[in-house]
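>>> Give me the fold of what follows.
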Amino acid sequence: MEPIVQLPNQPLADRMRPVSLDDYTGQQHLVGKGAVIRSMVESGSMSSFILWGPPGVGKTTLAKIISRQLKRPFYSLSAVNSGVKDVRETIEKARKQQFFDHPNPILFIDEIHRFSKSQQDSLLGAVEEGIITLIGATTENPSFEVISPLLSRCQVYILNSLNVEQLTGLLNKAIKEDAYLKKMNITIREYEAIMQYSGGDARKLYNTLELVIRAELADQAGKIEITNDRVKERLQENIAIYDKNGEQHYDIISAFIKSIRGGDPDAAVYWLARMLEGGEDIKFIARRLVILAAEDIGLANPNALLMANNCFQSIHMIGMPEARIILSGTAIYLATSPKSNSAYTAINAAIAEVNSSGNQPVPLHLRNAPTKLMKEIGYGKDYKYAHSYDGNFVPDQFLPDELSEKQFYQPGSNSREQEIKRVLKENWKAKKRYDDEKREP
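Down below sits the predicted model:
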């Protein structure tokens, strides 16, 4: 049977894109009443800024709304397929418009973190002279990926993932207001699965809804009921389409990291290949390897962090396609390394203690004594220099008095940390004897 309504080729996410700040969902800390971006739009005085947040939270949409409400020309470049030449040509167009008393255009650069240093350098003059108002969008921390001179000329605003209530509102609005969907008899019985697959990403939410509806229309005409089971079934049937559009960015990096953590080099290189073939930013992959080396391997093999850091530096110099070899070698090395998260758990435990017990005073013998007065009141008194003792160890107290019995670092079960554990055990015994002797009358 033929479907009642034929869906258009234009994606639902584009059809439902809001055109004003009042229609915009989420980010009230930026666009709500009295918030910074709304205030700039209402005053007509717009400075350059960078929007940092996860995919599908409205970075591109917000830039377009600003341009529309301010009635400014809007130029858009993607760092994936634009070079220095494209940037300079766009800036030259904006420069020529200055002669016609036009307001300076907005230049929106998507995925600005992928721009090279030279590409970012080419923006500096135009931003500083006010030829363009730059709005950049990034899913990566701008502090790591945007050059300091450009970062100093732009504010950075953080966008949050949309919550369940906001996503539910978007779904219901699409069914009621979209020109095509409102002609259908669609009911959402269960929301959990579609929320789970969207992961706070509005674009992913709309794509999932549309994919399920298209599949249902192909099978039947009439009433469409969306349930958790139907969503899961339809997504499994269309998994190739789901991947092709880059929807599983975070799922695949998660699988990659968990494969390395779990010691499976074959799975690690498979997920690595998936990311590379999907056009993933190699710096994003390498940065995650550095984090993993510190968090999941740590003291079990300190060379892992050196390896990961060298990988990060090397891919900057080499680039693709050869960078794939460096990333593969590093992933395999990390996957086959012994694992320990002891450094990760130690610092978390220490931070928890700081938040719990507050700022404990530094013991007098550990305090710095740069002045005579400080020395006279006991700063640095009785401090024992470890290198003056056998084994470069002195059984002294280095924690605040209230925390003297605390132990944050728990050595892992790997061979290297078991040797560390043996040494620490001897040191703890010596310290206990020292503490007992101090307490004797």
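
>>> Check which element follows the host helix or strand of Met275 along the chain.
Per DSSP states H and E: Met275 is located in helix 265-277. With elements assigned by DSSP H and E, the helix or strand that comes after helix 265-277 is helix 282-292.

>>> Which positions within that following helix qualify as buried?
Ile282, Lys283, Phe284, Ile285, Ala286, Arg287, Arg288, Leu289, Val290, Leu292 (16 or more other Cβ atoms under 10 Å). Just so you know, the C-beta spots here come from the backbone N, C-alpha and C atoms, and that holds for glycine as well.

>>> got the contact list for Arg433?
The contact partners of Arg433, by Cβ atoms under 8 Å, 6 or more residues apart in numbering, come to Pro395.

>>> one step back: run the chain-centre distance for the helix holding Met275.
Distance of helix 265-277 from its chain centroid, counting by Cα atoms, centre = their mean, to the nearest Å, is 20 Å.

>>> same check, this time on stretch 119-137
Mean-position distance between stretch 119-137 and its chain equals 24 Å (Cα atoms, centre = their mean).

>>> That one: end-to-end distance?
Distance across stretch 119-137, first residue to last, is 15 Å (Cα to Cα, to the nearest Å).

>>> cool, stretch 311-326 as well?
End-to-end for stretch 311-326, by Cα to Cα: 6 Å.

>>> Distance from it to the middle of the chain?
Stretch 311-326 sits 21 Å away from the centroid of its parent chain (Cα atoms, centre = their mean).

>>> Name the residues of it that come out as buried.
By 16+ other Cβ under 10 Å, the buried positions in stretch 311-326 come out as Cys311, Phe312, Ser314, Ile315, Ala323, Arg324, Ile326.

>>> quick one: low-confidence ranges for the protein?
Counting by pLDDT under 70, the chain contains low-confidence ranges at 1-9, 80, 98-102, 218-222, 236-249, 374, 434-441.

>>> Just give me the longest helix of this structure.
Under DSSP state H, the helix in the chain containing the largest number of residues is helix 415-439.

>>> starting at the chain centroid, how far to that one?
Taking Cα atoms, centre = their mean, one finds helix 415-439 lying 40 Å from the centre of the chain it belongs to.

>>> Summarise which helices and strands the helix holding Met275 is packed against.
helix 249-261, helix 282-292, helix 323-335 (3 or more Cβ pairs under 8 Å, 6 or more residues apart in numbering; DSSP states H and E).

>>> what inclination does the following helix or strand past the shortest one have with respect to helix 323-335?
So that's helix 282-292. Note on helix 282-292: by DSSP H and E, the next helix or strand toward the C-terminus is helix 303-318. Going by axes from the mean of the first three to the mean of the last three Cα atoms, to 10 degrees, helix 303-318 is angled at 170 degrees with respect to helix 323-335.

>>> ok, and the closest non-adjacent residue to Lys204?
Spatial nearest neighbour of Lys204, chain neighbours left out: Ser198 (4.7 Å); criterion: Cβ to Cβ, 6 or more residues apart in numbering.

>>> try Ile253
Once flanking residues are discounted, Ile253 sits nearest to Arg288: 6.2 Å by Cβ to Cβ, 6+ apart.

>>> Let me see the contact set for that neighbour.
Ile253, Phe256, Ile257.

>>> do Cys154 as well
Contact analysis of Cys154 by Cβ under 8 Å, 6+ apart lists Ser47, Ser48, Phe49, Ile50, Val127, Leu134, Gly136, Val146.

>>> can you do 6 Å?
By Cβ atoms under 6 Å, 6 or more residues apart in numbering, the residues touching Cys154 are Ser48, Phe49, Ile50.

>>> Quick test: name the residue nearest the centre of the chain.
Glu140 (5.3 Å; Cα atoms, centre = their mean).

>>> Next up, phi/psi of that one, please.
phi -110, psi 150 (degrees, to the nearest 10).

>>> excluding its backbone neighbours, what's nearest it?
The shortest distance from Glu140 to any non-neighbouring residue, by Cβ to Cβ, 6+ apart, is to His113 (4.2 Å).

>>> how many neighbours does the one you found have?
22 (other Cβ atoms under 10 Å).

>>> And Leu366, by the same measure?
Counted with other Cβ under 10 Å, residues neighbouring Leu366 total 14.

>>> Let's see if you can find the most crowded of the contacts of Arg288.
Using other Cβ under 10 Å as the neighbour criterion, Phe256 leads the contacts of Arg288 with 26 neighbours.

>>> got a list of what the closest residue to that residue other than its chain neighbours touches?
Leaving aside its chain neighbours, Phe256 sits nearest to Trp271 (3.8 Å; criterion: Cβ to Cβ, 6+ apart). When contacts are counted by Cβ under 6 Å, 6+ apart, Trp271 touches Ile252, Ala255, Phe256, Ser259.

>>> In JSON lines: the residues you listed, plus distance to Asn355.
Putting these into JSON lines (distance: Cβ to Cβ, whole Å) gives the following:
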{"residue": "Ile252", "distance to Asn355": "34"}
{"residue": "Ala255", "distance to Asn355": "33"}
{"residue": "Phe256", "distance to Asn355": "32"}
{"residue": "Ser259", "distance to Asn355": "33"}
